[in-house]
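Novice: Any chance you could fold what I've pasted below:
(2 chains)
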Amino acid sequence: MELKLKVNYKNVKINIDPTKRLIDFLREDLNLTGVKEGCSEGECGACTIILNEEAVTSCTILAGQVDGCEIITIEGLEQSGELDVIQKSFIENGAIQCGFCTPGMILSCKALLLKNPNPTEDEIKRAIEGNLCRCTGYNKIVKAVKDITVKEV
Amino acid sequence: MKNFVSPKTIEELCEALKQKDNNTFVISGGTDLIIHFNKKEIYDYNIIDITKLEEFKKINETENEITIGSCVTMTQLENSLLINKYIPALVDSAYNLGSQQIRNRATIGGNVANASQSGDTLPVLFSYDANIEIINSTGKRRIDKIENVVEGLEKNNLDSDEVITKIIIKKSSSKSAFSKVGSRKAVTISKINCCAKINISEDLIIYKANIYLGAVGPKPIKAKLIEEKLLYKNIKNINHEDLHEAVYMQIENAIPNRSSKHYKKIAAEGLIEDILNKLRR
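Specialist: Numbering: from 1, shown residues only, chains lettered A, B, ... in the order given. A predicted model of the protein is given here:
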């Protein structure tokens, strides 16, 4: 099937097996390896991407379903060599330990901030409920997001 | 050769359903189906993706009914003023389901069709005696009760060429609430869940009660014993000692041979208390 979509602000037209999972399509066909595979059942959030402005787990979507959609992966947050404010804030706050959950975690936060630029602490916690960090770095992650809310997203 | 179609109109959907074979799956949000494929190691299948049908993504209101398209997501339910006004328990159940990522994707039609014994919207739809509109490959639509559509244990009673188009709920002035218990606070599958839909008179007397418990059987069960205990009582003045017996008996009757019954009796008591607190607000 010929799939047409926008990935990280660029148009993509590609022939693929539409029954491939979205995570596999992004990693294997587009080489976007910032999309991490963890639990493969939508629970750990490592494979989170932004699909039409909403955070979703790419391991529970088929590639054929995103025809005509817009996707942002962690690779799309950096623009012209400049990191996104969320990425900067994660670095400044040490909100990264082993780094495996980081792309998904940042994209969940990005999706939250796109909808709600001034979230409360509870809203931040709710937005990242679906992202597991096994280094137990949640406090710094919440602080990283809170830091941004006083700045510009 | 794998076949993947995303119908955009009802005509295209019917055409796809005509071609459907035993190895063709209807997909909506995918949050259950794709995990099922992985667990069962199913790699070669055909797909009918119904998420591109605009008709299936809308919540509408008529004079007497609320209609919810089968592809309406949990996030949409949670944010809908209409649902909040007429079916508050459905907002509760959507709000507590999965994670943000799952709620953005999981659909109400998928929750019904998947018919999991712990499906969170199911006790709500049972309490509201929801009707399910179904279309087949010839374009013929029929309406059936939720309890006939959901068989339970991940089985539904749809024919192989049928798809759920919408959920229909009668408008009412009932109050309702949903609560669940899982093995952790968030992103958890219900070990037991419950929806209560009640009508209260001006002097706070419960004169109608429709209560369903989920995850204590293949599909939600009507909690008659608990309903009877609540009927004609003042909502502010419910004797918990009295309720205790009814809740324990209800679970005992539902799952007499399951070792989880001891845990579920205590959990159910907590759920009912939680729900009554919500209903008192």
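Novice: C-alpha from now on. contacts and neighbour counts both.
Specialist: Will do.
Novice: neighbours of residue 119, just the number please.
Specialist: Defaulting to chain A. Per other Cα atoms under 10 Å in any protein chain shown, the neighbour tally for A:Pro119 reads 16.
Novice: switch to chain B, that's the one I care about
Specialist: Neighbours of B:Gly119 using other Cα under 10 Å come to 27.
Novice: What are the boundaries of the helices in the stretch 151-281 of chain B?
Specialist: Residue ranges of the helices in the stretch 151-281 of chain B, as given by DSSP state H, counting those that start in this stretch, are B:224-230, B:240-254, B:261-280.
Novice: And the ones you listed: which comes nearest chain A?
Specialist: Taking Cα to the nearest Cα, helix B:261-280 is the member of the helices of the stretch 151-281 of chain B nearest to chain A, at 20.0 Å.
Novice: wait, what's in contact with A:Tyr138?
Specialist: A:Ala95 (Cα atoms under 8 Å, 6 or more residues apart in numbering or on different chains).
Novice: For A:Asn139, which three-state class applies?
Specialist: Look at A:Asn139: counting by DSSP: H, G, I helix; E, B strand; the rest coil, its state is helix.
Novice: give me the number of residues near the nearest residue to B:Asp203 once chain neighbours are set aside?
Specialist: With Cα to Cα, 6 or more residues apart in numbering or on different chains as the criterion, B:Asp203 has its nearest non-adjacent residue at 7.8 Å, and that residue is B:Asn234. When neighbours are defined as other Cα under 10 Å, B:Asn234 has 16 of them.
Novice: pLDDT score for the closest residue to B:Lys197 other than its chain neighbours?
Specialist: Leaving out its chain neighbours, the residue that sits closest to B:Lys197 by Cα to Cα, 6+ apart is B:Ser176, at 4.2 Å. B:Ser176 carries a pLDDT value of 98.
Novice: quick one: low-confidence parts of the chain?
Specialist: Reading this off chain A. For chain A, the stretches with pLDDT under 70 are A:151-153.
Novice: ah, I was thinking of chain B
Specialist: Filtered on pLDDT under 70, chain B yields the residue ranges B:1.
Novice: 90 instead?
Specialist: In the predicted model, chain B carries pLDDT under 90 at residues B:1-2, B:183-187, B:239-242, B:281.
Novice: Spell out which parts of it neighbour chain A.
Specialist: When proximity is defined by Cα under 8 Å from any Cα of the partner chain, chain B lies next to chain A at B:2, B:4, B:6, B:29-35, B:45-47, B:49, B:51, B:98-102, B:104-105, B:186-187.
Novice: Give me the buried entries from those.
Specialist: Among the residues of chain B next to chain A, those buried by neighbour count (16 or more other Cα atoms under 10 Å in any protein chain shown) are B:4, B:6, B:29-35, B:45-47, B:49, B:51, B:98-102, B:104-105, B:187.
Novice: And the residue of the stretch 101-250 of chain B closest to chain A?
Specialist: Taking Cα to the nearest Cα, the stretch 101-250 of chain B has B:Gln101 as its residue nearest chain A, at 4.1 Å.
Novice: Any idea how many residues pack against the closest residue in space to that residue that isn't next to it in sequence?
Specialist: Nearest residue to B:Gln101, sequence neighbours excluded (Cα to Cα, 6+ apart): A:Val56, at 4.1 Å. For A:Val56, the neighbour count with other Cα under 10 Å is 30.
Novice: do you know how far A:Val56 is from B:Glu15?
Specialist: 30 Å (Cα to Cα, to the nearest Å).
Novice: One more: A:Leu22?
Specialist: A:Leu22 is 26 Å from B:Glu15, by Cα to Cα.
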